[in-house]
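Colleague: What follows is a predicted protein model with its sequence.
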Amino acid sequence: NWTGLLSITLDPNGFGSYLIGEGLNGGYTVGSFTVGIPTWFQTGNAARIEASITTPKTVYTQGDKITYIITYKLYSTATSTTPFATYTESAVLDTKDIAVGTVMLKSQYGTVVSVVVAVKQGVTLGQAPNDFDQKILDFSSTDIPAPLIKSLIRKESNFKPDAIRYEIHTDYNWYSRFGPSTPLQPSWRGVWNYPEKHWRLAGHNALGDIFAVGDQVKDMRTDIYTRMREYTTPKLNIININRDDTITAQEVKDGNPTRSWTFLPPTLDYTAQLLLASSYGLMQVLYETARWNNFEGDTVSPARHIEELFDPKTNIQMGVRVLNFFYQNNVTNHPDWTYEQKIKDALLNYNGGGDPNYAKTVYNDFYLSGIYNKN
C-alpha cells in the first residue's frame with residue numbers, strides 16, 4: 001500500500017529534473033537527469049528531427065580513432081522551420097579492428113543521415129596476407145619484433161585463424177595418464193580439475209577411469225569433430241573404428257596412417273581429449289599454455305570459452321607472451337648468447353623441440369629474408 005508522488009520536469013533546452021515524494025516516511029528526493037534522459041523525452045515528443053554529422057576529416061588510417069559529432073534539431077510540427085531544441089552527441093569509432101575500405105557513420109532516433117569516411121591501410125608487414133598486421137604490431141616489441149611474429153604465424157598456421165591441431169603426446173602427458181586422485185600439478189592437470197573439467201570429452205583415461213562430458217562442451221559453436229576434419233592441415237580423419245561412444249587416441253592414429261606424430265606415448269588406449277590437447281589459431285597456442293599466460297584462472301566458473309583462442313587478437317597476444325617467456329629466460333640464464341642464439345632457442349622451445357629445423361625456417365628463411373619487414 002505504498003503511496004508516493006513522482007514529478008518530472010523538462011524544459012525545451014534539454015534540462016531535466018525529477019522529484020520523488022516518499023509516502024511512507026514523508027521524505028523526498030530531488031535530482032537532475034543525465035543528458036540522455038531529457039534527450040529521450042524530447043526526441044519522443046518531436047514531430048520531426050533533423051540530423052547532421054561532422055567529422056574532422058574524411059580519410060583515416062587503420063588504427064585511428066574517428067571522433068564525430070551528430071547534431072539534432074527537434075521540431076514541434078512537420079512543417080516548423082524553427083527547432084524547439086538543438087543538441088549534440090559525440091561518438092568515437094576505433095578503426096583498429098575495422099577492415100580497410102569505407103565506413104558509414106549513422107545518426108540515430110529515426111533519422112537517416114549518414115556520412116561515409118575512408119579507412120586506409122596502415123603500416124603493413126611485407127607480403128600478403130596483411131589481415132593481421134595491425135594486431136601483430138600491437139603485441140610486438142624490440143625483443144619480439146613484428147616481422148618475427150608474422151614469420152612464426154606463417155610456420156605455425158599459414159595465416160589460418162581457425163587452424164587446430166591435436167597433440168597426441170600432450171594429451172597423454174598432461175591429461176590422460178592421470179586419475180582423479182593424482183595431486184594437482186601446474187602442468188599435469190588431468191580432466192577433473194578446473195578449468196579442464198569443463199572441456200573434457202566423455203570417455204576413459206589411460207588408467208581406465210570413466211568420466212562424463214564437461215558441462216561446457218555443449219556450448220561449442222562448431223562441433224570439435226567437425227573442426228578436426230575441416231581445419232586441421234592435413235585434415236584429420238576421425239573414425240569411430242569400434243563404433244562405441246568415444247574416439248580414442250589409438251583410433252585417431254590408426255585413422256591417419258600417413259600423419260607423422262612427433263612423439264607417441266606408451267599407450268593410446270584413452271579417449272582423445274581433442275579440445276584440451278590441441279593447438280589453436282594463428283600461433284597454434286595450446287590451451288594449457290594459454291592458461292598459464294592468463295587466458296584462464298583456476299577458480300572462477302564457468303571457464304572462459306575455449307574457442308576464444310581462435311580470436312586473432314587473443315591468440316597473437318598469448319603466442320607472443322609464450323615466445324617472450326622463453327626469450328627472457330635465455331636473457332637471464334645465457335647473458336653471453338647473441339640475440340640470434342637466444343631467440344632461436346626460444347623458437348625451439350615454443351615449438352616443443354620436435355622439429356630441429358623449426359628455428360632456422362622461422363628465423364633465417366622467413367624473418368631474416370625481410371619478406372615481412374614493415375612497408
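Modeller: Received, thanks. Numbers count the residues shown, from 1 in each chain.

Colleague: Low-confidence regions, the chain specifically.
Modeller: Across the chain, the ranges flagged by pLDDT under 70 are 1-44, 186-187, 240-245, 297-300.

Colleague: ok, now with 50
Modeller: Of all residues in the chain, those with pLDDT under 50 make up the ranges 1.

Colleague: And the next helix or strand past the lengthiest helix in it?
Modeller: With DSSP state H applied, the helix covering the greatest number of residues in the chain is identified as helix 312-333. On the C-terminal side of helix 312-333, the closest following helix or strand by DSSP states H and E is helix 339-351.

Colleague: what's downstream of that following helix, the next helix or strand?
Modeller: Taking DSSP H and E as the definition, the helix or strand that follows helix 339-351 towards the C-terminus is helix 358-359.

Colleague: So which elements touch that next one?
Modeller: Packing partners of helix 358-359 (3 or more C-beta pairs under 8 Å, 6 or more residues apart in numbering; DSSP states H and E): helix 339-351. (Glycine included, C-beta is placed from N, CA and C.)

Colleague: could you give the angle of the helix it packs on to helix 312-333?
Modeller: Between the axes of helix 339-351 and helix 312-333, defined by axes from the mean of the first three to the mean of the last three C-alpha atoms, to 10 degrees, the angle is 130 degrees.

Colleague: OK, contacts around the nearest residue to residue 349 once chain neighbours are set aside?
Modeller: Taking C-beta to C-beta, 6 or more residues apart in numbering as the measure, residue 349 lies nearest to residue 326, with 4.3 Å between them; neighbours along the chain are not counted. With contacts defined as C-beta atoms under 8 Å, 6 or more residues apart in numbering, residue 326 is in contact with 345, 346, 347, 349, 350.

Colleague: Any of these buried? List them.
Modeller: Neighbour counting by 16 or more other C-beta atoms under 10 Å classes 345, 346, 347, 349, 350 among the contacts of residue 326 as buried.

Colleague: Reformat the residues you listed as CSV; add distance to residue 301.
Modeller: As requested, the buried ones among the contacts of residue 326 are exported to CSV (distance: C-beta to C-beta, whole Å):
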residue, distance to residue 301
345, 38
346, 34
347, 36
349, 32
350, 30
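
Colleague: Of the residues you listed, which is the nearest to residue 274?
Modeller: Using C-beta to C-beta, residue 350 comes nearest to residue 274 of these, at 21.9 Å.

Colleague: correct me, but that closest one touches residue 321?
Modeller: No: the pair formed by residue 350 and residue 321 falls short of the contact definition of C-beta atoms under 8 Å, at 10.8 Å.

Colleague: picking up where we left off before, of the buried ones among the contacts of residue 326, which is the nearest to residue 359?
Modeller: Residue 359 lies nearest to residue 347 out of the buried ones among the contacts of residue 326, by C-beta to C-beta, at 4.2 Å.

Colleague: give me phi/psi at the closest residue to residue 196 other than its chain neighbours?
Modeller: Closest residue to residue 196 apart from its sequence neighbours, by C-beta to C-beta, 6+ apart: residue 189 at 5.1 Å. For residue 189, the backbone dihedrals are phi -100, psi -30 (criterion: degrees, to the nearest 10).

Colleague: From residue 199, how far off is residue 189?
Modeller: Applying C-beta to C-beta, to the nearest Å, the value for residue 189 to residue 199 is 11 Å.

Colleague: Then residue 273?
Modeller: Taken as C-beta to C-beta, the spacing of residue 273 relative to residue 199 amounts to 8 Å.

Colleague: Those two: who's more crowded?
Modeller: Remark: of residue 273 and residue 199, residue 273 carries more neighbours, 27 against 23, as counted by other C-beta atoms under 10 Å.

Colleague: Isn't the more buried one up against residue 197?
Modeller: No: with contacts counted by C-beta under 8 Å, residue 273 stays clear of residue 197, the gap being 11.2 Å.

Colleague: list the residues that contact both of these two?
Modeller: With contacts taken as C-beta under 8 Å, 6+ apart, residue 273 and residue 197 have residue 191 as neighbours in common.

Colleague: Does residue 102 belong to a helix, a strand or coil?
Modeller: When the structure is split into helix, strand and coil by DSSP: H, G, I helix; E, B strand; the rest coil, residue 102 lands in strand.

Colleague: and residue 257, helix, strand or coil?
Modeller: Under three-state DSSP, residue 257 comes out as coil.

Colleague: now residue 90
Modeller: Quick answer, by three-state DSSP: residue 90 is strand.

Colleague: How far does the helix or strand containing residue 119 sit from its chain's centre?
Modeller: Mapping residue 119 onto the secondary structure by DSSP H and E places it in strand 114-120. Between the centre of strand 114-120 and the centre of its host chain there is 26 Å, according to C-alpha atoms, centre = their mean, to the nearest Å.

Colleague: and if you look at stretch 162-179?
Modeller: So, by C-alpha atoms, centre = their mean, the centroid of stretch 162-179 is 22 Å from its chain's centroid.

Colleague: Thanks a lot, catch you later.
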